[in-house]
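Asker: pasted the sequence and its predicted model underneath.
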Amino acid sequence: MFKGITGRWFLSTMLVIILIVSMIVTGLIFAVTYLFNTEVERSLSSVSNELTAVFDGYTADNSTAFAQEAHDYVENFSHKEQMEVMVLNSTGRIILTSSGFSFDEGEEMPDFNSACESDNKSAFWSGQLGSGENVTALSKVISNKNGNVIGAVRYLVSTDGVINREILLCAIIILIGLAILGLVVLTGSYFIRSIVTPVRQLSETADKIAHGDFSTKIEKRYNDEIGELCDSFTEMAKDLEATEQMKNDFISRVSHELRTPLTAIKGWAETMQISGKRKLDRRTFDKGMGVIIKESGRLTGIVEELLDFSRIQTGRMVLLNEKLDILAELDEVIYMLKDRAVNEGKHLIYDEPEAVYPPVFGDRNRLKQVFINIIDNALKYTPSDGVVAIEVKYNEHTDPDNILIIVTDTGCGISPEDLPKVKEKFYKANQKVNGSGIGLAVADEIMQLHKGTLDIESGVGVGTTVTLKLPVMKEG
Ligand code: ADP
């Protein structure tokens, strides 16, 4: 029960509160008892003060005269209803009581003995009589002018009623203390439960997610930090599910991508092997070898892309930067893709600028890879007779720090819902066209490593424009 957060809360908060409440309750009980006792003693003292007037200047030295004087005092005592008054002789024997009943001789009277010994000749005592009654007594010793003790007057008041009231008040104080503790436990356990229950749910859900069950949802009960945590968790589960789905799609897509060239290579290799003996005609042989070379190249491309992707994922992609003429690199890529565009019946337009542009500090092969990915996509998603135009812009007045490479196509375009996601890994907006869905993710990462940007604008049915912005090299 007292494990974890509950245990820590009990130790840090509850123990302190229990301690404080106990201290307050004990203090109040002491205060109540003290107040009641002093009140009784105060009332006895105020009554006993009359004695000073009665026996002041008392001179007689014989006990008979004292007894007579005391008798008159007791007769006229006006508080008989509230207390009993007794007259004692010099040896402490009771000679008179206001109630008229004979007092039990065996009763002890510690207050009388203390009064005889004390300087002010008076003393209190609280205790229980033989009858079980609780009393408080005040004895005042009477001396004559010569200082000889001639007797004492003793006041006795029952404190049973006072003690009952004391007990009642103390019980109320204890009950209030317990009620406060109960309230603290109640609100505290509600508070703790509002943390512990969702945290427990979170850990159970995390466990389920770890075992591949992404469908679990956490109910958001509170609109606070815990609620936000539940929301983030549900969001994370959703993202993980989507990533898991994308990963699975990716694996099946890549397997498919690998299988197509492999089937072609295997098919042509078998054809050549079977017909090895009866000499294959030159045209068929060349066609077969062409397919094998082209498809092996495609396989290498896919593997390279996968390797790059894995390097990016693990942060192991290192750039081999050097001073580059970006136009020359772009020219090479366009030259490489020109034949393909012609074969596919697409118009690849590029007007190489006349001016000399400032150099770029970057990794030659990685930047060429970005150009290939972008132009390859433009060709891939543009139907025959479509146009893919490439333009390089540099303006030393308006933006002297960057070179822009703009690739525009008149292809199928990307819908506004897909546009923000196409740069994410594994994301494919167009499932009909072959591709692993990581080309743009890799290109974007390479651009970021070069402190550049990759922006895409697109309209469905209109076409797509990809703008690559690369910082120029600062001389010196
Ligand atoms: P893929 O291997 O599928 O081409 P990419 O990461 O290169 O993967 O591109 C992600 C997605 O972006 C593609 O599946 C495609 O839907 C969309 N896309 C990229 N370039 C273009 C383009 N020029 N025209 C239309 N859609 C494009």
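Answerer: Perfect, I can see it now.

Asker: okay, CA-based contacts and neighbour counts for the rest of this
Answerer: Noted.

Asker: and Val360, what are its bridge partners?
Answerer: Beta bridges link Val360 to Leu324 when assigned by DSSP bridges.

Asker: can you pull the contacts of it?
Answerer: Applying CA atoms under 8 Å, 6 or more residues apart in numbering to Val360 gives the contacts 323-326, 470-473.

Asker: wait, doesn't Lys363 sit right on Leu319?
Answerer: No Lys there; residue 363 is Asp. Yes. With contacts counted by CA atoms under 8 Å, Asp363 reaches Leu319, the gap being 5.5 Å.

Asker: so these two - more neighbours on which side?
Answerer: The neighbour comparison of Asp363 against Leu319 (other CA atoms under 10 Å) goes to Asp363, with 19 against 15.

Asker: would you list the phi and psi of that one?
Answerer: phi -90, psi 110 (degrees, to the nearest 10).

Asker: which ones are touching it?
Answerer: 319-322.

Asker: show me which of those residues are buried.
Answerer: Neighbour counting over the contacts of Asp363 (16 or more other CA atoms under 10 Å) leaves no buried ones.

Asker: looking at the residues you listed, which are in strands?
Answerer: In strands, judged by DSSP state E, the following of those are found: 321-322.

Asker: format the contacts of Asp363 as CSV; extra columns: pLDDT and distance to the ligand.
Answerer: Converted to CSV, those look like this (pLDDT from 0 to 100; distance: CA to the nearest ligand atom, whole Å):
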residue, pLDDT, distance to the ligand
Leu319, 89, 21
Leu320, 91, 23
Asn321, 93, 24
Glu322, 94, 26
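
Asker: which of the contacts of Asp363 lies closest to Glu354?
Answerer: Closest to Glu354 out of these is Glu322 (23.2 Å), distances taken as CA to CA.

Asker: and for Val21, the neighbour number?
Answerer: The tally of other residues near Val21 (other CA under 10 Å) stands at 18.

Asker: flag the shaky bits of the stretch 101-250 of the chain, pLDDT-wise.
Answerer: Applying pLDDT under 70 to the stretch 101-250 of the chain flags residues 101-105.

Asker: find the closest residue to the ligand in it.
Answerer: Phe250 (9.9 Å; CA to the nearest ligand atom).

Asker: next helix or strand past the helix or strand hosting that residue?
Answerer: Per DSSP states H and E: Phe250 is located in helix 225-274. Heading C-terminal from helix 225-274, the first helix or strand you meet, by DSSP H and E, is helix 282-313.

Asker: for that following helix, the distance to its chain's centre please.
Answerer: 52 Å (CA atoms, centre = their mean, to the nearest Å).

Asker: other SSEs contacting that helix?
Answerer: The contact analysis (3 or more CA pairs under 8 Å, 6 or more residues apart in numbering; DSSP states H and E) places helix 282-313 against helix 225-274, helix 439-449.

Asker: which parts of the last one are buried?
Answerer: To tie it back to what came earlier, the one meant is helix 439-449. Quick answer for helix 439-449 (16+ other CA under 10 Å): 439-447.

Asker: restrict those residues to contacts with the ligand.
Answerer: Filtering the buried residues of helix 439-449 for proximity to the ligand (criterion: CA under 6 Å from any ligand atom) leaves 439-441.

Asker: distance check, the residue of the stretch 101-250 of the chain closest to the ligand against Glu257.
Answerer: Going from Phe250 to Glu257 by CA to CA, to the nearest Å gives 10 Å.

Asker: also Val157?
Answerer: 108 Å.

Asker: I'd like the helices and strands packed on helix 282-313 laid out as JSON lines, including distance to Arg283.
Answerer: Output for the helices and strands packed on helix 282-313, formatted as JSON lines (distance: least, CA to CA, whole Å):
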{"stretch": "helix 225-274", "distance to Arg283": "12"}
{"stretch": "helix 439-449", "distance to Arg283": "35"}
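
Asker: out of those, nearest to Gly345?
Answerer: Between Gly345 and the helices and strands packed on helix 282-313, the shortest gap by CA to CA is with helix 225-274, which sits at 22.4 Å.
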